[in-house]
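> Need coordinates for the below:
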Amino acid sequence: MWKEEGVLVRVPASTANLGPGFDTLGMALELHLWVAMKPAEQMRIRLHGTELHGLPVDERNLIYRTAQAVFREAGVEERPLALDVYSEIPLTRGLGSSASALIGGLAAANWLIGQPLTEQRLFDMATAIERHPDNVGASLFGGIIAAMWDGEQARHIRLDPPAGLGTVVAVPQFELETKKARHVLPERIDMADAVYNISRSSVLVAALASGRTELLAEAMRDRLHQPYRASLIPGMPGILEEAVRNGALGVALSGAGPTLLAFVDNRGDHDSLQAYMKQALRDHGVESRVMPLGISKEGAVRCGVWDDMAAVVAERADSSR
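Model prediction:
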């Protein structure tokens, strides 16, 4: 049952909400987390890359804890694990770093013991921990997902992105914890705002499914969370209003933020949009990393054995120079 040679798993980052689809819409992005896992005589965790600095390397580690949860769920005796983890996903920036870690731990542990748990069961377990299915679903299945959660079971529909659709992301150089970003949201909303978001979320999914990208600008507007989170992200209101005039097909806060995400047509030039987003944040005293980012059609994939992580670390170190 146990694969003593271990496994190597790659998991994409994700963005959630896409504007109006609060806690229901998610999309996988081409930034990745790699998890190498194998049984060991005693626990050992090594973290690689600057994005994981300061995270625990003992039993508190999220990937380690979720792996042990898989063993319990599958009725398999828990064993100590050796973990090597590399990530290029920035923490607490609205790019699903915790969801990627959850999926990495669940998927790697499941593959390590011969995949006794279905993808659906992994999805349910991840959603129960995150309390919403958008980020974890995107990282598990890839592409664009619309999902729902009833407190026990998650359901989703997956879409491939329209041909030529890409993104530009502006990642501010400050962290924003999801807990803080949720704290500013109101406990009640007006009926008009609810209808506003339902209509736009519905059109957004239909537009993405049919390739009607000319509808994205209006369909990505939101009244449930972005207006309230704007105070936490200097420069955000202006970007939400002006990015389309600077080449975006549509724009939204990525998850709880502070990253801002714009859809773009990859067949065109979006240098001016990148320059605009960077300057708009700088005008409010915020430095940022602005970059094009592809939409990942792949979710969590097994891409090797434990020993293959050394090549991943070396390759990523070379590419970052």
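> Longest strand in the protein, please.
strand 25-39 (DSSP state E).
> and the helix or strand that contains Leu261 with strand 25-39, angle?
Using DSSP states H and E, Leu261 sits within strand 260-265. Counting by axes from the mean of the first three to the mean of the last three CA atoms, to 10 degrees, strand 260-265 lies at 110 degrees to strand 25-39.
> Only C-alpha atoms, please: export the next helix or strand after strand 260-265 in PDB.
With elements assigned by DSSP H and E, the helix or strand that comes after strand 260-265 is helix 271-282. What follows is helix 271-282, C-alpha atoms only, in PDB (Å, rounded to 0.1, in the frame of the first residue of the first chain):
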ATOM      1  CA  ASP A 271       2.300  46.300 -21.100                       C
ATOM      2  CA  SER A 272       0.300  49.500 -20.700                       C
ATOM      3  CA  LEU A 273      -2.100  47.800 -18.300                       C
ATOM      4  CA  GLN A 274       0.800  46.500 -16.200                       C
ATOM      5  CA  ALA A 275       2.300  50.000 -16.100                       C
ATOM      6  CA  TYR A 276      -1.000  51.500 -15.100                       C
ATOM      7  CA  MET A 277      -1.700  49.100 -12.300                       C
ATOM      8  CA  LYS A 278       1.800  49.500 -10.800                       C
ATOM      9  CA  GLN A 279       1.700  53.300 -10.900                       C
ATOM     10  CA  ALA A 280      -1.900  53.400  -9.500                       C
ATOM     11  CA  LEU A 281      -0.700  51.500  -6.500                       C
ATOM     12  CA  ARG A 282       2.500  53.500  -6.200                       C
END
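> what sits against the closest residue to Asp193 other than its chain neighbours?
Nearest non-adjacent residue to Asp193, counting by CB to CB, 6 or more residues apart in numbering: Arg223, 4.2 Å away. In short, each C-beta sits where N, CA and C put it, glycine included. Shown in contact with Arg223 (CB atoms under 8 Å, 6 or more residues apart in numbering): Pro20, Ile189, Asp193, Tyr196, Asn197.
> Any of those residues buried? List them.
Pro20, Tyr196, Asn197 (16 or more other CB atoms under 10 Å).
> Go through those and flag which are in strands.
The members of the buried ones among the contacts of Arg223 all map outside strands under DSSP E.
> Could you list the low-pLDDT ranges of the stretch 101-250 of the chain?
Within the stretch 101-250 of the chain, no stretch has pLDDT under 70.
> quick one: the helices in it?
119-130, 134-141, 178-183, 191-210, 216-219, 226-229, 236-242 (DSSP state H, counting those that start in this stretch).
> Just give the number of residues close to the closest residue to Trp34 other than its chain neighbours.
Nearest non-adjacent residue to Trp34, counting by CB to CB, 6+ apart: Tyr86, 4.6 Å away. Number of residues near Tyr86 (other CB atoms under 10 Å) recorded here: 23.
> now do Arg282
Arg282: 12 surrounding residues under other CB under 10 Å.
> Spit out the contact partners of Gly6.
Taking CB under 8 Å, 6+ apart, we find Gly6 in contact with Ala36, Met37, Lys38, Pro39, Ala82, Leu112, Val305, Trp306, Asp307.
> I'd like to know which of these is nearest to Tyr228.
Lowest distance from Tyr228 to the contacts of Gly6 (CB to CB) belongs to Met37, with 39.2 Å.
> can you list the domains in the chain?
The chain resolves into domains spanning 7-160+296-319, 165-293 when parsed by the TED database.
> For the longest strand of the chain, name the packing helices and strands.
Strand 25-39 sits against strand 7-16, strand 81-87, helix 97-112, helix 134-141, strand 144-149, helix 191-210, strand 288-293, helix 309-319, with contacts defined as 3 or more CB pairs under 8 Å, 6 or more residues apart in numbering; DSSP states H and E.
> Out of those, which gets nearest to Gln120?
For Gln120, the closest of the helices and strands packed on strand 25-39 is helix 134-141, at 9.8 Å, according to CB to CB.
> mind listing what the residue nearest to Trp34 touches?
Tyr86 makes contact with Leu33, Trp34, Leu47, His48, Gly49, Leu52, Met309, Val312, Val313, Arg316, according to CB under 8 Å, 6+ apart.
> In JSON lines, list those along with neighbour count, distance to Phe71 and pLDDT.
Shown next, in JSON lines, are the contacts of Tyr86 (neighbours: other CB atoms under 10 Å; distance: CB to CB, whole Å; pLDDT from 0 to 100):
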{"residue": "Leu33", "neighbour count": "27", "distance to Phe71": "21", "pLDDT": "97"}
{"residue": "Trp34", "neighbour count": "24", "distance to Phe71": "21", "pLDDT": "98"}
{"residue": "Leu47", "neighbour count": "19", "distance to Phe71": "22", "pLDDT": "94"}
{"residue": "His48", "neighbour count": "18", "distance to Phe71": "24", "pLDDT": "92"}
{"residue": "Gly49", "neighbour count": "17", "distance to Phe71": "27", "pLDDT": "85"}
{"residue": "Leu52", "neighbour count": "20", "distance to Phe71": "23", "pLDDT": "89"}
{"residue": "Met309", "neighbour count": "22", "distance to Phe71": "21", "pLDDT": "91"}
{"residue": "Val312", "neighbour count": "19", "distance to Phe71": "25", "pLDDT": "91"}
{"residue": "Val313", "neighbour count": "16", "distance to Phe71": "26", "pLDDT": "89"}
{"residue": "Arg316", "neighbour count": "16", "distance to Phe71": "29", "pLDDT": "80"}
